[in-house]
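Chemist: got a structure for you, letters missing:
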């Protein structure tokens, strides 16, 4: 059974940075495409970024392109999201997920980590 645990969220001022981590277990992490998905209060889930199983190909939503960087360490079974230049509209609960978008049937999410952007 896929098990994902996110960490690294918190309160940051606009323009600040955070690095999210997602520890994976109970499945062969290095064979899965992985994604980050976020959900703001009162809104539906939004795909943010994805990375190929080997880490060589990355994808970004237009809203975060140039500010966020997804990466992974398959030896450590860990997925990362480096977020720079944070904006108030980036505030949400961030989830790591299996799959190219994390929004397809059968994709699994972690429990999420809260990111708050406020001065």
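Modeler: Sure thing, it's come through. Treat the numbers as computed from the prediction; the structure is a model and nothing was measured. Numbers count the residues shown, from 1 in each chain.
Chemist: So the residue nearest the centre of the chain, which state does it fall into?
Modeler: Computing the C-alpha centroid of the chain and ranking residues by CA atoms, centre = their mean puts residue 36 first, at 2.8 Å. When the structure is reduced to helix, strand and coil (DSSP: H, G, I helix; E, B strand; the rest coil), residue 36 reads as strand.
Chemist: bridging residues for it?
Modeler: For residue 36, the beta-bridge partners under DSSP bridges are residue 49, residue 96.
Chemist: who touches it in this structure?
Modeler: The neighbourhood of residue 36, defined by CB atoms under 8 Å, 6 or more residues apart in numbering, consists of 20, 22, 47-50, 70, 79, 81, 94-97, 102. Quick note: C-beta positions are derived from backbone N, CA and C, even for glycine.
Chemist: Please repeat the previous calculation with a cut-off of 10 Å.
Modeler: Applying CB atoms under 10 Å, 6 or more residues apart in numbering, we find residue 36 in contact with 6, 20, 22, 46-51, 60-61, 64, 68, 70, 79-81, 83, 94-97, 102.
Chemist: Contacts for stretch 111-119, please.
Modeler: The set of residues external to stretch 111-119 that reach it, using CB under 10 Å, 6+ apart, is 4-16, 18, 20-22, 37-40, 81, 83, 86-96.
Chemist: can you tell me which of these are in strands?
Modeler: Members of the contacts of stretch 111-119 lying in strands (criterion: DSSP state E): 4-7, 10-12, 18, 20-22, 37-39, 81, 83, 92-96.
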